[in-house]
Every structure is written in structure tokens, then in C-alpha cells.
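[1] Compute the structure for the input listed below.
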Amino acid sequence: MDRQTFIIFHILAIVVVIGSMLTGLRIAVVSQDWLSPVSVLLPQGQMHVWHLGFGVAITLIIACYLLYSFTSPFRSTQSKYHKIINYLGYISLPLISLSGWLIWSDFLTDTARTVHQIAIWMMGCYLVLHSWIYIIQNGRGVLSVLLPKRASFRHFGITAGVLVASISSVLFIKNTTHQLKVLTIDNTTFIEIDGKGDEKAWNEATPISIMTIGGANFHQGSTEVTVKALANKYESYFLISWQDATKSTNHLPLLKTSTGWKVKENGFYNFDERTFYEDKFAVMLSEGCDIAGDKTLHLGDKPIKNKPKNWHGKGYHASLDGKTRDLWHWKAVRTNDMYLADDNFIGPPAAHLSGKRRYTAGYQPDGKESGAYVMNWQWYTPNGVIPKRLPAQLSQIQSAHDSVLPWFGSTPYDTSQDLYPSGTLLSSVLYRSNRFEGDRADVRARGEWKNGRWTLELVRKHNTQSQYDVALKTGTCMWVSAFDHSQIAHTRHIQAIKLRYSL
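    Numbering: from 1, shown residues only. Below is the predicted model of the structure:
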């Protein structure tokens with residue numbers, strides 16, 4: 001390998017590694033708060049496809065460089081310092097590539113994720129230690145050392161080849177999916193939606209297990225999710241289970257203090273509560289199968305043009321291609337006793353309503369005819385709230401702060417009746433009725449926690465004919481996310497789960 005070819009590989013590696021680090025750090029900010037100070041320096045938007053592209057390019061550059069090195073190695077005179085530092089680069093770059101592909105393939109994900117992060121910081125150290133001497137020695141003339149002096153058509157061919165091969169590979173693999181076989185059952189087979197999953201049909205269904213990562217409060221931020229599916233002529237059933245060491249139903253309780261009522265929270269003001277919140281689970285359905293949520297994930301504090309910043313700096317869910325994605329949102333307190341999952345959707349970014357603190361972009365609820373839960377305060381401030389309603393009897397309040405307050409078991413708030421002592425806890429969830437009615441109630445669901453594990457059963461018609469729902473059929477893609485007493489800090493996985501029906 002001649003010096004000019006080596007310089008071409010050197011430039012390609014610099015560009016690709018820096019691009020990979022910037023997009024990777026943006027993705028990491030979602031689950032690692034300590035990185036938030038550098039968020040302002042990072043790109044925003046749909047980062048996963050870009051990160052995948054840079055990862056593919058790194059792999060191709062490593063392969064091409066090794067091929068050249070074995071057939072025609074590059075010879076140069078290096079100082080002892082550079083020989084030592086170069087070993088850091090030779091170790092960290094392959095580790096970045098290998099661990100990244102292990103994460104992609106959902107193999108040894110926890111270990112691979114740790115190795116990936118360590119290797120990235122090793123590479124960061126290498127870039128600094130490797131480059132600072134050249135900058136000191138050459139000053140403004142450092143570019144003359146880095147850039148080729150006699151680039152030939154072969155060098156342009158190498159660059160174009162890496163670029164074309166990277167783009168082609170990304171287009172090919174970005175729709176790679178896991179496969180979930182949906183077992184056909186007879187229309188007369190009864191499946192009770194009770195969160196137990198003890199029917200014979202579930203034992204016959206083929207499970208798929210996905211390691212989901214990046215969530216708050218789970219051990220190492222991850223939990224393995226197991227999914228089974230059944231279908232008769234009219235409906236699809238899903239049995240989903242995941243590890244969660246604690247059953248969390250203490251959802252933003254109201255605490256009576258010497259100055260009045262206050263919401264117990266640790267992040268709720270920024271819409272990122274991670275302590276006083278219920279467990280949840282989300283299922284997203286889409287006709288497309290692109291990695292990382294089919295183009296609905298936009299990272300950063302202001303990733304969507306002409307839309308407001310988000311409070312937590314993590315990002316938004318929205319569909320910018322005009323298509324609707326279906327979102328089922330099961331909540332351990334707010335919907336579980338309804339035997340429902342909240343049927344939502346991800347669509348185009350909604351208009352921002354002045355006076356409304358939280359903007360959710362494309363994440364919106366389906367329509368409903370009646371029924372809902374509401375928060376049991378008139379107007380939220382971090383310093384104090386006034387409840388909408390109080391329990392009809394004092395005995396109700398002592399044991400039900402981690403449940404819901406029924407409308408008909410409570411009375412409108414009256415200062416003269418607020419005789420509760422300091423330290424009293426009151427439910428923040430107020431039921432207007434027992435369940436939703438209408439489009440928002442299309443998904444029946446029930447979860448049960450036992451021995452450190454949630455089991456959730458869901459059922460919905462194959463096709464509800466709703467404009468906000470995605471039909472359940474062969475080729476429909478699914479993503480799943482678990483929440484451990486967190487508002488938005490859920491786990492995630494990269495490749496979609498593609499449904500395969502035999503009906």
C-alpha cells in the first residue's frame with residue numbers, strides 16, 4: 001500500500017468514526033443523563049439509520065484496510081509513542097464494530113453494549129492522543145499532512161466504493177426483522193384476558209424473546225421481553241412477559257403537607273418522572289419495518305422544524321411521511337383495572353396549543369365516545385396543587401393512594417372538608433367511568449405481576465377500520481417497550497418483530 005492510499009483510508013476512517021461517535025452519543029443521551037451537557041453539540045433527528053450507515057462504513061474500511069495490509073502492507077517509520085497509541089486505535093476500532101453488530105443482532109446485548117461504550121471512549125482517547133502531536137508539530141499546515149498530494153482514479157474508486165457499498169448495505173439491512181409466527185386457533189377457543197396466560201393454546205404458541213435496552217430503573221437498563229401470538233378468524237391475541245423486580249403502582253401520589261397538597265415527584269415537572277410512576281408497556285404497529293421504530297423516532301431537544309423544544313431534551317415520536325403507526329399503551333394503574341390498553345397512534349406533529357406545557361408531537365390518543373381517567377388536581381405546579389375530589393370516607397384514603405379514586409366514591413374538593421393530617425397520601429388518578437368507550441377502547445388488556453415478572457395479555461380485531469389503527473396481518477411489524485416506574489424512559493430494540501399469520 002502506497003502512502004497516498006494509506007492517507008485515503010485515514011481520511012475515510014476519521015470522517016466515519018467521528019460521524020459514528022456523534023450519532024452514537026445522540027442515541028446514548030436518551031438513556032444516559034450524564035451526557036446531556038454535550039447534547040447541544042450533537043446532531044438531531046432520525047439518528048439510528050445514520051449510525052447504522054457509519055457502522056457499516058467502519059466495517060468496510062476495516063476489511064479493505066486489512067486486505068491491503070496483507071497483500072501490500074504500508075511501511076512507515078513511527079516513534080515509540082505513536083506505536084503505543086496506534087495499538088489503542090487497532091484495538092478500539094474493531095471492538096466498536098464487533099460490539100455494534102452484536103447489539104444489532106440481539107446477541108449478548110448487555111455485554112456488547114458495555115463493550116461498545118468502553119470502546120467508544122477508548123477511540124475518543126486515541127483520537128486526542130494521536131492527533132495532538134501532529135497539530136503541535138505542523139500547526140496550520142496539519143492539513144497538508146492529512147490530505148493526499150496525488151489522488152488518482154484508484155483513490156476516488158476506493159472512496160466511491162466504500163460509499164456505494166455502505167449505502168447499499170444500509171438499504172438492504174435496515175428492514176431486517178425478527179419473525180413471530182402467529183398460531184391459528186379455532187374460533188370457539190376461549191382465551192380469557194386476565195394476565196395469566198394459562199390456556200393450553202399459549203403453550204403451543206412459538207415464543208420469541210427480544211432483549212430490550214436503554215430503560216430507566218431496570219437492572220443495567222435492560223429487560224428481556226417474550227412475545228407469543230394467537231389468532232382466530234376475527235382477532236389477534238398477544239401474550240407478553242418481561243422481568244421487573246418490583247410492581248410499581250405508586251403513581252404521582254398527592255402528599256398532604258403543612259401548606260397543602262403537593263405531587264410527589266422526581267422529574268415530573270420536566271415530563272421525565274422516574275420514581276413515583278406506574279409500570280407501563282407499549283406496543284407499536286406499523287406497515288413499515290425500518291429499524292428503530294420505522295422513522296418515528298426524532299432525537300434531540302428540538303428535532304422537528306417549527307415545533308417547540310421538549311422539556312427533557314430526549315426527543316419526540318412523530319410520523320413525517322404521512323403514515324399512521326398504531327400504539328397500544330398499557331398502564332398498570334390507569335388502564336389495567338379497565339381491562340384495556342390505551343389505544344393511541346403516532347401521526348404527523350400536532351399543532352402546538354398555547355398554554356399547554358407538554359407538547360407530544362405525533363403521539364396522540366385515538367378518539368373516544370366517553371370514559372377516561374384524569375389527574376386529580378385542578379392545575380399542576382411543583383409547589384402545590386388543589387385536588388379535584390376527595391374520598392367520601394377517610395378510610396378509603398389510607399390504603400388506596402396507589403390505586404385510582406372512583407368518581408362516584410368521592411366528593412368535590414371542599415376546603416372545609418379537607419381535614420386530613422400532614423403525611424396523608426391521596427391517589428392522583430381519578431376515574432370518570434370504569435373504561436373508555438369508542439376507538440380508544442379497541443385493545444382489551446390485562447396485566448398481572450408475580451415473582452418479579454409482568455405477564456400481559458392483549459387482544460384486538462385484525463382490522464378495526466379505524467384510520468388510527470394498523471391492520472394485523474402478515475407483514476405487519478411490531479416494536480415493544482417496557483417502563484419500570486418511569487414516564488418516558490422505556491426500553492427499546494432496534495429490529496422490528498414481523499408478524500407471520502397462517503390464516
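[2] tell me how far the ends of stretch 196-205 are from each other?
    For stretch 196-205, the first-to-last residue distance is 15 Å (Cα to Cα, to the nearest Å).
[3] Mind listing residues that contact it?
    Stretch 196-205 is contacted from outside by 181, 183, 185, 189-192, 228-230, 239, 241, 448, 455, 457, using Cβ atoms under 8 Å, 6 or more residues apart in numbering. Yep, even glycine has a C-beta here, placed from its N, CA and C like the rest.
[4] Need the max-distance pair from those residues.
    Based on Cβ to Cβ, the longest span within the contacts of stretch 196-205 runs between 181 and 448 and measures 24.8 Å.
[5] for stretch 31-50, what is the average pLDDT?
    Across stretch 31-50, pLDDT averages out at 93.
[6] For that stretch, buried residues please.
    Along stretch 31-50, these residues count as buried under the neighbour rule (16 or more other Cβ atoms under 10 Å): 31, 33, 39, 42, 45-50.
[7] Just the CA trace of that stretch, in PDB.
    Only the C-alpha atoms of stretch 31-50 are listed here, as PDB (Å, rounded to 0.1, in the frame of the first residue of the first chain):
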ATOM      1  CA  SER A  31     -30.800   6.800  28.400                       C
ATOM      2  CA  GLN A  32     -27.600   8.400  29.900                       C
ATOM      3  CA  ASP A  33     -28.400  11.700  31.600                       C
ATOM      4  CA  TRP A  34     -24.800  12.500  32.400                       C
ATOM      5  CA  LEU A  35     -24.200  13.100  28.700                       C
ATOM      6  CA  SER A  36     -26.800  15.800  28.500                       C
ATOM      7  CA  PRO A  37     -24.200  18.700  28.800                       C
ATOM      8  CA  VAL A  38     -22.800  17.700  25.300                       C
ATOM      9  CA  SER A  39     -26.300  17.500  23.800                       C
ATOM     10  CA  VAL A  40     -26.100  20.900  22.300                       C
ATOM     11  CA  LEU A  41     -23.100  19.800  20.200                       C
ATOM     12  CA  LEU A  42     -24.800  16.700  18.700                       C
ATOM     13  CA  PRO A  43     -26.900  16.300  15.600                       C
ATOM     14  CA  GLN A  44     -30.700  15.900  15.900                       C
ATOM     15  CA  GLY A  45     -33.400  13.900  14.100                       C
ATOM     16  CA  GLN A  46     -33.500  10.300  13.000                       C
ATOM     17  CA  MET A  47     -30.100   9.100  14.100                       C
ATOM     18  CA  HIS A  48     -30.300   5.300  14.000                       C
ATOM     19  CA  VAL A  49     -30.100   5.000  10.200                       C
ATOM     20  CA  TRP A  50     -27.200   7.300  10.100                       C
END
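[8] Contacts made by that stretch with the rest, please.
    Contacts of stretch 31-50 (Cβ under 8 Å, 6+ apart): 19, 22-23, 25-29, 170, 174, 213-216, 221, 290-292, 295, 297-303, 313, 315, 489, 494.
[9] starting at the chain centroid, how far to that stretch?
    13 Å (Cα atoms, centre = their mean, to the nearest Å).
[10] check which helix or strand covers residue 256.
    Per DSSP states H and E, residue 256 falls inside strand 254-257.
[11] from the contacts of stretch 31-50, which ones fall inside helices?
    If you go by DSSP state H, these have 19, 22-23, 25-29, 170, 291-292 in helices.
[12] Can you name the next helix or strand after the helix or strand residue 4 falls within?
    For residue 4, the host element (DSSP H and E) is helix 3-29. Following helix 3-29 in sequence order, the next helix or strand is helix 47-71 (DSSP H and E).
[13] orientation of that following helix relative to helix 3-29 in degrees?
    Helix 47-71 runs at 150 degrees relative to helix 3-29, counting by axes from the mean of the first three to the mean of the last three Cα atoms, to 10 degrees.
[14] what ranges do the strands span in the stretch 401-503 of the chain?
    Using DSSP state E, counting those that start in this stretch, the strands found in the stretch 401-503 of the chain span residues 405-406, 410-412, 425-426, 429-431, 443-450, 453-461, 477-483, 496-501.
[15] what's next to the last one, contact-wise?
    So that's strand 496-501. Residues from elsewhere that reach strand 496-501 (Cβ under 8 Å, 6+ apart): 177-182, 184, 208, 210, 227, 229, 231, 286, 289-291, 294, 472-480.
[16] Among these, name the buried ones.
    By 16+ other Cβ under 10 Å, the contacts of strand 496-501 give 177-178, 180, 182, 210, 227, 229, 231, 286, 289-291, 294, 472-473, 476-480 as buried.
[17] of all the buried residues of stretch 31-50, which two lie farthest apart?
    Maximum distance among the buried residues of stretch 31-50 (Cβ to Cβ): 24.5 Å, for 33 and 49.
[18] and the closest residue in space to residue 318 that isn't next to it in sequence, how many neighbours does it have?
    Distance criterion Cβ to Cβ, 6 or more residues apart in numbering; nearest residue to residue 318, sequence neighbours excluded, is residue 362 at 3.1 Å. The number of residues packed near residue 362 is 22, by other Cβ atoms under 10 Å.
[19] For ChimeraX, write a command that selects the buried ones of the contacts of stretch 31-50.
    To isolate the buried members of the contacts of stretch 31-50 in ChimeraX, using 16+ other Cβ under 10 Å:
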select :19,22,23,25,26,27,28,29,170,174,213,214,215,216,221,290,291,292,295,297,298,299,300,301,303,313,315,489,494
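[20] Quick one: mean pLDDT over the helix or strand residue 167 falls within.
    Secondary structure from DSSP H and E places residue 167 in helix 153-173. Per-residue pLDDT over helix 153-173 has a mean of 84.
[21] Convert that helix to CSV, retaining C-alpha atoms only.
    Extracted C-alpha coordinates of helix 153-173, given in CSV (Å, rounded to 0.1, in the frame of the first residue of the first chain):
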residue,chain,number,x,y,z
PHE,A,153,-8.7,7.5,-10.1
ARG,A,154,-8.0,4.4,-7.9
HIS,A,155,-8.3,6.5,-4.8
PHE,A,156,-11.6,8.0,-6.0
GLY,A,157,-12.7,4.5,-6.7
ILE,A,158,-11.9,3.3,-3.2
THR,A,159,-13.8,6.3,-1.7
ALA,A,160,-16.8,5.8,-4.1
GLY,A,161,-16.7,2.0,-3.5
VAL,A,162,-16.9,2.4,0.3
LEU,A,163,-19.7,5.0,0.0
VAL,A,164,-21.8,2.9,-2.5
ALA,A,165,-21.3,-0.3,-0.6
SER,A,166,-22.3,1.4,2.7
ILE,A,167,-25.5,2.9,1.3
SER,A,168,-26.4,-0.4,-0.5
SER,A,169,-25.8,-2.4,2.7
VAL,A,170,-27.9,0.0,4.8
LEU,A,171,-30.8,-0.1,2.3
PHE,A,172,-30.6,-3.9,2.4
ILE,A,173,-30.3,-4.5,6.2
